[in-house]
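1. This is a predicted model, with the sequence first.
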2 protein chains.
Amino acid sequence: MHTEMNLEEMKLFFLESSDEDFLEKAEFIHPVDILDVLHEIEEEEIVEKILNRFSDEQVALLLEFEEDEEKYELLTLLSEKRQKNIIEEMASDEIADLIEVLEEEEAQEVLEMLDREDREEIQTLLSYKEDSAGSIMTTEFISIRENKTIIETLNYLQTDAPDAEMAFYLYVTDKPGHLKGVVSVRDIISKPFETKIADITNPHVTSVHVDDDQEAVAELFAKYDYIMLPVVNDENIIVGIITIDDIVDIIQEEATEDIHRMAGLDEEEEVDGTVLDSLKSRLPWISVNMMTAILASTVVAKFSDTITAVVALAAINPIIAGLGGNAGNQSMTMIVRGLALGEIDDDNAKAIFLKEFCTGLILGLVIGTVLALGCTFIYGNPVLGLVAGGAMLANFIIATVSGFAVPLVLKKLGVDPALASSIFVTACTDTLGFFIFLGLATLFLPRLM
Amino acid sequence: MHTEMNLEEMKLFFLESSDEDFLEKAEFIHPVDILDVLHEIEEEEIVEKILNRFSDEQVALLLEFEEDEEKYELLTLLSEKRQKNIIEEMASDEIADLIEVLEEEEAQEVLEMLDREDREEIQTLLSYKEDSAGSIMTTEFISIRENKTIIETLNYLQTDAPDAEMAFYLYVTDKPGHLKGVVSVRDIISKPFETKIADITNPHVTSVHVDDDQEAVAELFAKYDYIMLPVVNDENIIVGIITIDDIVDIIQEEATEDIHRMAGLDEEEEVDGTVLDSLKSRLPWISVNMMTAILASTVVAKFSDTITAVVALAAINPIIAGLGGNAGNQSMTMIVRGLALGEIDDDNAKAIFLKEFCTGLILGLVIGTVLALGCTFIYGNPVLGLVAGGAMLANFIIATVSGFAVPLVLKKLGVDPALASSIFVTACTDTLGFFIFLGLATLFLPRLM
């Protein structure tokens, strides 16, 4: 429950409630809310005092919801004995997440708290590549045998089965653990007790490999509406499960990554990070952008004589480049997002190109005409109007064509389209926009003066 | 299973397999894959032929995964009798989704296929606001009573309980349906049969209201890692459930909306849509952008005399405006995404402002210095270098301050920050950037010539 008390009331409750009251109510407060309270408190002793009111199991659950970078800090507020007990309560993949962000020495300390078997399991988990299925899976799952009946299976679940995170589907395996099929818990609870597991097993079970990329796994969940998938190793032995709540986080992370990259930000810059982090995140793109701006500037400089003769060109220049840049950004955004969502393939690419081209052509005709009329009216020179309108039309076509082509070419080259598309598209619309506008103006110079 | 056959092989299988073969294998092909095959086929008779091999129940499931706009088209390929049978197999919220996108007359036809009770239920569903919890919930769920034992409940589930979409949690209600608590299926299958439901019921159940906005519901799921929530009406009577697979779609939609809006695109423009849709989506923002570009152009025009005297200014101009615009876009993107993810509040806003300001200051000093040195070197005039560098520094500060402030002000005014921020930020960096640069140049004009 997360709506009854506000942060201040919860803090008071954690610090001042009677033991009886605490025991009764605390278990119903969501770990996320408890962490919200703890994050507000600056004095370590108070955090420690509150943590000591919770059981080992409850603190283990808290750590599950805490940011990886903060887990260890929270844990080390407690006595070494409690630390050991809490770690024993944690799932191995949670311990692996905790260790992954620690310094060598701290990691060693945590590993030493574990018995040999657990330590080996965690070392296997730590060996999976970052952002692989193996690195996000949960290792606590239940497997059952197909030669049992429902009632035998229920008895097993009631007595011997290990704790498992979410048991909506149970995976059927042979003794060594080879994945044979899947049974829904719904079938187990709604079919007669004497039904054989084999009769309700779906042998066509989809699985992912430990080395699969998490983004591909997330796409699979999103496309097929899965809520849980088994993770297998090279021998098709089930080694973990991935549940959709982990996928939600990944989808949000991936969207943030794309949004950041399109704006030339590091994908991991945090809104409440340090100035140094922001500088590291932003300077690279600003530097590249400076190069392309200098390129555009060089084009303008080449036409100095034309500008000196007709200074109005300097005032119209930013309109041509600015509108072209924005039109290019619109096309590019459609394509980059479409690629991220898997909506563009070889079959429809041609149709999309045609649509972008026509859109650019029509936008260019409309805006170009408005600009031509405006310039004719303001500067009293219809040739200037035609030059500006023509350049605007050309730049809209350049914008939509490069907005379409750049992300696709980058993707073919193995570069993330979100990362670099806007640099190239802006470079095209700025540089070519200036070149065409000032070039046309130079051609028609006698009639502009 | 979705990996065994490719589209062509599946099409062949659907059309040419023996009835025996089809019966055995077809049920294990994922509806999403079947739809992929059907979408590839252009001849309606062939689609019809394939659909007629599937049972009513299977076609109902297909429709569940089909885009809302396409459901009716698929359905009407079949005989009226089959249409009626298939609709009877569908969940009421699925029927509501189907009807929602139909013309008045078609909707009437579908409603007439239903008996009175179902029709009334669907009309209630259709009355919920778009994008509300009521509009995305599933109405097929199981509720149980707390005075029963686990074995009694299992018997009920095996015999009388209605079909329910996903039963990971069961909601405990009294007879009129007031929400009393929640029981996990995991507890039901792993606790002794004689356990009372009351003993494993968590009375602190979180619920959402039918009128709650879907984005707020999605945030709740993401923050607390929920996988399922009950939806209640004003009387706290449970009327439906929302499961996390629906939330995944919403999170992706919301991310796409934000990405589109930041680029000045309509949130619903589709990458494979028509040219007309693209024009409608893009022209409004391009038009607004034209206004701001004209404003910037007017500023440049005011300084015609200065530019005629020192034409190098026209070449440096795009660097000042371009880099400022990009720095503003970086700040703005951080803030807009931070607001969307709920990472910015009154507590940390001041610290974030300071961070943005310092980042802008330092970036401005670095890039301003480089630009000053470059201009001094290229144009052989240190005063020109100082003017350009100073204007660059000022524009970086304007960029980060407006990138921070504009989204927050828009949010306070109730306007979506993703929608309009970039217009205002670009207007600031372009117009003020030109003004400061050309203004400084005019002040120091004698020393620039």
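-> Perfect, I can see it now. Numbers count the residues shown, from 1 in each chain, chains lettered A, B, ... in the order given.

2. the helices in the stretch 301-449 of chain A, which residues?
-> Ranges of helices in the stretch 301-449 of chain A, per DSSP state H, counting those that start in this stretch, are A:304-309, A:312-340, A:346-379, A:382-412, A:417-427, A:433-443, A:445-448.

3. Which one, of those helices, ends up nearest to A:L126?
-> Among those, helix A:417-427 comes nearest to A:L126, with 28.3 Å by CB to CB. Where C-beta positions appear, they are placed from N, C-alpha and C, glycine not excepted.

4. Just list what the closest one packs against, helices and strands only.
-> helix A:244-262, helix A:275-302, helix A:312-340, helix A:382-412 (3 or more CB pairs under 8 Å, 6 or more residues apart in numbering or on different chains; DSSP states H and E).

5. which one of the ones you listed is the most hemmed in?
-> helix A:312-340 (a mean of 27; mean count of other CB atoms under 10 Å in any protein chain shown).

6. Hmm, A:I142 is touching A:Q158, no?
-> No. If you go by CB atoms under 8 Å, A:I142 and A:Q158 don't touch, sitting 11.9 Å apart.

7. These two: which is more packed in?
-> A:I142 (21 against 15; other CB atoms under 10 Å in any protein chain shown).

8. what about that one, distance to chain B?
-> Taking CB to the nearest CB, to the nearest Å as the measure, A:I142 falls 9 Å from chain B.

9. low pLDDT regions in the stretch 151-300 of chain A?
-> Flagging of the stretch 151-300 of chain A using pLDDT under 70 yields the residue ranges A:160-167.

10. Give the buried residues for stretch A:261-272.
-> A:R261, A:M262, A:A263, A:G264, A:L265, A:D266, A:E267, A:E269, A:V271 (16 or more other CB atoms under 10 Å in any protein chain shown).

11. closest to A:F221 among the residues you listed?
-> Among the buried residues of stretch A:261-272, A:E267 lies closest to A:F221 (CB to CB), at 20.8 Å.

12. tell me which element the closest one is part of?
-> Of the helices and strands defined by DSSP states H and E, none includes A:E267.

13. Was I right to think A:D245 contacts B:Y224?
-> No. Counting by CB under 8 Å, A:D245 stays clear of B:Y224, with 9.4 Å between them.

14. possible to save the helices of the stretch 301-449 of chain A as JSON lines with mean pLDDT?
-> Listed next are the helices of the stretch 301-449 of chain A as JSON lines, based on pLDDT from 0 to 100:
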{"stretch": "helix A:304-309", "mean pLDDT": "93"}
{"stretch": "helix A:312-340", "mean pLDDT": "92"}
{"stretch": "helix A:346-379", "mean pLDDT": "93"}
{"stretch": "helix A:382-412", "mean pLDDT": "95"}
{"stretch": "helix A:417-427", "mean pLDDT": "87"}
{"stretch": "helix A:433-443", "mean pLDDT": "96"}
{"stretch": "helix A:445-448", "mean pLDDT": "91"}
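
15. With distance to B:P382 added, can I get the ones you listed in a markdown table?
-> Formatted as a markdown table, these follow (distance: least, CB to CB, whole Å):
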| stretch | distance to B:P382 |
| --- | --- |
| helix A:304-309 | 20 |
| helix A:312-340 | 23 |
| helix A:346-379 | 35 |
| helix A:382-412 | 34 |
| helix A:417-427 | 29 |
| helix A:433-443 | 27 |
| helix A:445-448 | 33 |
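
16. closest to B:T292 out of those helices?
-> Of all these, helix A:312-340 comes closest under CB to CB, at 7.9 Å.

17. near chain B at all, the closest one?
-> Yes. Applying CB under 8 Å from any CB of the partner chain, one finds helix A:312-340 in contact with chain B at A:312-319, A:321-323, A:326-327, A:329-330, A:332-335, A:337-338.

18. just the helices in the stretch 51-200 of chain A please.
-> Using DSSP H, counting those that start in this stretch, helices in the stretch 51-200 of chain A cover A:56-65, A:68-75, A:80-89, A:92-100, A:104-112, A:116-127, A:133-136, A:150-159, A:185-190, A:197-200.

19. right, so those: which one is the most enclosed?
-> Of all those, helix A:133-136 carries the top mean neighbour count, a mean of 23, counting by mean count of other CB under 10 Å.

20. Helix, strand, or coil at A:G240?
-> Assigned by DSSP: H, G, I helix; E, B strand; the rest coil, the conformation of A:G240 is strand.

21. can you pull the contacts of the residue nearest to it when sequence neighbours are not counted?
-> With sequence-adjacent residues excluded and distances taken as CB to CB, 6 or more residues apart in numbering or on different chains, A:G240 is closest to A:M137, at 3.3 Å. Each residue near A:M137 by CB atoms under 8 Å, 6 or more residues apart in numbering or on different chains is listed here: A:D93, A:V210, A:V231, A:V239, A:G240, A:I241, A:I242.
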